[in-house]
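Q: Just need the structure, nothing else, for what follows:
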Amino acid sequence: MPIFIVRYSEIGLKGPRKRSEMEIRLVKNITAALSDPPEMRIWRERGRIFMEVPDTLKQNVSAALQTVFGIKSFSECIVVSFDNADDLVKTARDHFAAFTKSRIFAVRATRTGHHDFTSIDIERRLGEALLPGSLGVDLENPDFTARLDIREKKAYLYDSILKGAGGFPLGTQGKMVSLVSGGIDSPVAAWMMMKRGCIQDIVFCSLAPPIDTFEFLNSVQPLVNNWSHGADIKIHIFDGSPLIDAMAHDHGFAHPNVGFKKFLYELAGIVNTRIGGYGIVTGESVGQVSSQTAENLSALSMSVRIPIHRPLIGFDKEEIVELSRKIGTFPETSLGEFCSIFSGNPSISITPDDLEQDEVSENLMHEIIQSEVTVKKADFADFLESIRKGLSRNDPSVEGALIVDLRSDEKYRSWHPEGSIHVPLAEVSSLPDKYGKNRTYLFYCSKGLMSAYAASRLRSMGINTMYMDEGKLKKMISETKPQ
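A: Residues are numbered from 1 along each chain as shown. I've put the predicted structure just below:
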């Protein structure tokens, strides 16, 4: 059966006891990555992990190994036994000769154990044996590389090295809480801390349930399904819409773009304390938005007594987008993030004292905490499907709908559909009494989150609603115009 040789890097820097613990965890996570574990043999041997698997499953195993944290690289290989250097060179030549014929090649060998030859000896002798029939040797830019991992009286022969995720095995560095939205940055931040071996429980504060909850679940689905092998992560979902209601009808926060983040920190901190975590992980990057200036991040960090981890702190947006595409969390659609609701007059340079006045009342905080829904990894797929079905059942026809503009006065004056009305967010709940309960309301805003909130608010009252962003509405109107 095919054999895979699995390599790690940072694990090898640990002392014998810690290294052994991490190797055991890595083996466990590899096994967990195979959703239907095949009949296989897996063992550890002096800085390597070996897997012997059925030939029919080697492609599945190869795909799974690329998503297990702690693996630097791996190769599919064959194993041969030998008695001496001559025997090894002859066996390796017979195996590699067909691959080096009419090609420029190189030989690379590593060696572990006691032998009367060196790795360089084998590279030189095997190169000489493969030279006839080839187009020569080029150690810098070969067409083919013959590789040997020699271990006592066995040698593993292979030609390709596939890259793994790197880092430490998930579960070897404790647990944390990741604040994740349906956007681009925060899932990447969670992934980076998972790469460092930290299990992540994920906290999401829904502002437009279940609409934005569905987008959030889609964004974290790759983290749950593809990257959390061996860890029983949980998703903690809170209904934060009462906070918007309170702010829309009250004075709100003095510094809404930063004050809301402070609230999120406090919410995540409650979960972190409950699970015995070691801090909060966020997707913040210096200067990316108004709440993420150096001054604001400093004030936020000092406003809560809990470690804040920001793995993306020095990344630019292009780097984050590139990584999100690579790991599969890049959202194909997005409602935007909370700043579209809380950034009407953003503060860019505040102090911890400034933030003291932005406190959520004890009763409101209790209400939001009590709304928590916890989803276990094993239940994730069923929960996502239930949300999807619930949304599809509530998708009314747009024909005859009253179009409600939630953008600023300036944007409404600049452009709006004929027959639409302009309503402040605080007045959304009064629309059915004013315009009727037996009709459909189509809300739109610049990005989509505000309209999703409004649709969710009326939907909870039994009203038919739809929502979209400005661009989608313009496209819909242009497509329905007579040619």
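Q: Against N464, how distant is K474?
A: Using C-beta to C-beta, to the nearest Å, we find K474 at a distance of 22 Å from N464. For every residue, glycine as well, the C-beta is placed using N, CA and C.
Q: The two: who's more crowded?
A: Taking neighbours as other C-beta atoms under 10 Å, K474 and N464 compare with N464 leading, 18 against 14.
Q: quick one: that one and T440, what's the gap?
A: For N464 relative to T440 (C-beta to C-beta), the value is 4 Å.
Q: just Y156 next, same as before
A: In this view, Y156 and T440 are 65 Å apart by C-beta to C-beta.
Q: Which of these two has more residues huddled nearby?
A: It is Y156, of Y156 and T440, that has more neighbours when counted by other C-beta under 10 Å, with 21 against 17.
Q: any idea of the pLDDT on that one?
A: On the pLDDT scale, Y156 is placed at 96.
Q: a helix runs through it, doesn't it?
A: No. Counting by DSSP: H, G, I helix; E, B strand; the rest coil, Y156 falls outside a helix, being strand.
Q: Quote the end-to-end distance of stretch 78-87.
A: Taking C-alpha to C-alpha, to the nearest Å as the measure, stretch 78-87 stretches 16 Å from start to finish.
Q: got the buried residues for that stretch?
A: Across stretch 78-87, burial judged by 16 or more other C-beta atoms under 10 Å covers V79, V80, F82, A85.
Q: Burial check on the closest residue in space to P352 that isn't next to it in sequence, number of neighbours?
A: Once flanking residues are discounted, P352 sits nearest to M302: 4.5 Å by C-beta to C-beta, 6 or more residues apart in numbering. Number of residues near M302 (other C-beta under 10 Å) recorded here: 13.
Q: Name the residue closest to the centre of this protein, please.
A: P187 (3.9 Å; C-alpha atoms, centre = their mean).
Q: So that one versus E45, what's the distance?
A: Per C-beta to C-beta, P187 is found 36 Å from E45.
Q: Any stretches of this structure with poor pLDDT?
A: Residues of the chain that meet the criterion pLDDT under 70 lie in 35-38, 248-251, 333-345, 393-397, 481-483.
Q: domains for it, by residue range?
A: 3-163, 175-392, 395-480 (automatic domain parsing).
Q: With distance to P169 as added columns, please give these in TSV.
A: Formatted as TSV, the domains of the chain follow (distance: least, C-beta to C-beta, whole Å):
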stretch	distance to P169
domain 3-163	4
domain 175-392	6
domain 395-480	37
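Q: Please work out which of these is packed deepest.
A: Compared across these, domain 175-392 shows the largest average neighbour count, a mean of 19 (mean count of other C-beta atoms under 10 Å).
Q: Now the terminal residues of that domain, how far apart.
A: Counting by C-alpha to C-alpha, you get 36 Å between the two ends of domain 175-392.
Q: Okay, and which of the buried residues of stretch 78-87 map to strands?
A: Using DSSP state E, the members of the buried residues of stretch 78-87 that fall in strands are V79, V80.
Q: Does K317 touch Q288 like I think?
A: Yes. Checked against C-beta atoms under 8 Å, the pair K317 and Q288 is within contact range at 6.6 Å.
Q: if we can go back for a sec, closest to I308 among the buried residues of stretch 78-87?
A: V79 (48.4 Å; C-beta to C-beta).
Q: returning to what we had before: for the residue nearest to the centre of the chain, what are its contacts?
A: P187 sits next to V180, S219, V220, P222, L223, G283, S324, T329 when contact means C-beta atoms under 8 Å, 6 or more residues apart in numbering.
Q: just checking, next helix/strand downstream of the one helix or strand the second one maps to?
A: Read that as S219. Remark: S219 resides in helix 211-226, with elements defined by DSSP states H and E. The helix or strand immediately downstream of helix 211-226 is strand 234-239, counting by DSSP H and E.
Q: and the angle from that following strand to helix 211-226?
A: With axes from the mean of the first three to the mean of the last three C-alpha atoms, to 10 degrees defining the directions, strand 234-239 sits at 180 degrees from helix 211-226.
Q: for strand 234-239, packing partners?
A: Packing partners of strand 234-239 (3 or more C-beta pairs under 8 Å, 6 or more residues apart in numbering; DSSP states H and E): strand 199-206, helix 211-226, helix 256-275, helix 362-370, strand 373-376.
Q: what inclination does it have with respect to helix 256-275?
A: With the same axes, to 10 degrees applied, the angle from strand 234-239 to helix 256-275 works out at 140 degrees.
Q: just to revisit the earlier point, may I have the helix holding S219 as CSV, with CA atoms only?
A: What follows is helix 211-226 as a C-alpha-only set of coordinates in CSV (Å, rounded to 0.1, in the frame of the first residue of the first chain):
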residue,chain,number,x,y,z
ILE,A,211,-30.2,37.0,7.8
ASP,A,212,-26.7,38.1,8.8
THR,A,213,-26.4,34.8,10.9
PHE,A,214,-26.7,32.9,7.6
GLU,A,215,-23.9,34.8,6.0
PHE,A,216,-21.7,34.5,9.1
LEU,A,217,-22.2,30.7,9.2
ASN,A,218,-21.2,30.4,5.5
SER,A,219,-18.1,32.4,6.2
VAL,A,220,-16.9,30.2,9.1
GLN,A,221,-18.0,27.0,7.5
PRO,A,222,-14.5,26.3,6.1
LEU,A,223,-13.0,26.8,9.6
VAL,A,224,-15.4,24.3,11.1
ASN,A,225,-15.3,21.7,8.3
ASN,A,226,-11.8,22.0,6.8
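Q: Pairing-wise in the sheet, spell out the partners of the closest residue in space to V373 that isn't next to it in sequence.
A: Counting by C-beta to C-beta, 6+ apart, V373 lies nearest to I237, which is 4.6 Å off, once chain neighbours are set aside. Assessed by DSSP bridges, I237 has beta-bridge partners F204, V373.
Q: distance between the ends of stretch 421-429?
A: End-to-end distance for stretch 421-429: 15 Å, by C-alpha to C-alpha.
Q: With stretch 63-74 instead?
A: 11 Å.
Q: re earlier: how about the helices and strands packed on strand 234-239, which one is nearest Y444?
A: helix 211-226 (13.5 Å).
Q: re the thing from before, just want the angle from the helix holding S219 to strand 199-206.
A: Using the same axes, to 10 degrees, the direction of helix 211-226 lies 170 degrees away from that of strand 199-206.
Q: Determine the set of other helices and strands touching helix 211-226.
A: helix 185-195, strand 199-206, strand 234-239, helix 380-393, helix 449-459.
Q: Including distance to R111, could these go into JSON lines?
A: What follows is the helices and strands packed on helix 211-226, written out as JSON lines (distance: least, C-beta to C-beta, whole Å):
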{"stretch": "helix 185-195", "distance to R111": "31"}
{"stretch": "strand 199-206", "distance to R111": "37"}
{"stretch": "strand 234-239", "distance to R111": "46"}
{"stretch": "helix 380-393", "distance to R111": "45"}
{"stretch": "helix 449-459", "distance to R111": "59"}
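Q: Go through the ones you listed and name the closest to D55.
A: Closest of the helices and strands packed on helix 211-226 to D55 is helix 380-393, at 29.8 Å (criterion: C-beta to C-beta).
Q: Run through who's touching that closest one.
A: If you take C-beta under 8 Å, 6+ apart as the criterion, helix 380-393 is touched by P210, I211, T213, F214, L217, N218, Q221, V224, N225, I235, V375.
Q: Send me the one helix or strand I122 maps to as PDB with only the CA atoms.
A: Of the helices and strands defined by DSSP H and E, I122 is found in helix 119-130. The C-alpha trace of helix 119-130 is given here as PDB (Å, rounded to 0.1, in the frame of the first residue of the first chain):
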ATOM      1  CA  SER A 119      24.000  11.300   2.400                       C
ATOM      2  CA  ILE A 120      26.400  13.000   0.000                       C
ATOM      3  CA  ASP A 121      27.900   9.600  -0.900                       C
ATOM      4  CA  ILE A 122      24.400   8.300  -1.900                       C
ATOM      5  CA  GLU A 123      23.600  11.400  -3.900                       C
ATOM      6  CA  ARG A 124      26.800  11.200  -5.900                       C
ATOM      7  CA  ARG A 125      26.700   7.400  -6.500                       C
ATOM      8  CA  LEU A 126      23.000   7.400  -7.500                       C
ATOM      9  CA  GLY A 127      23.500  10.400  -9.700                       C
ATOM     10  CA  GLU A 128      26.300   8.500 -11.500                       C
ATOM     11  CA  ALA A 129      24.100   5.500 -11.900                       C
ATOM     12  CA  LEU A 130      21.200   7.500 -13.400                       C
END
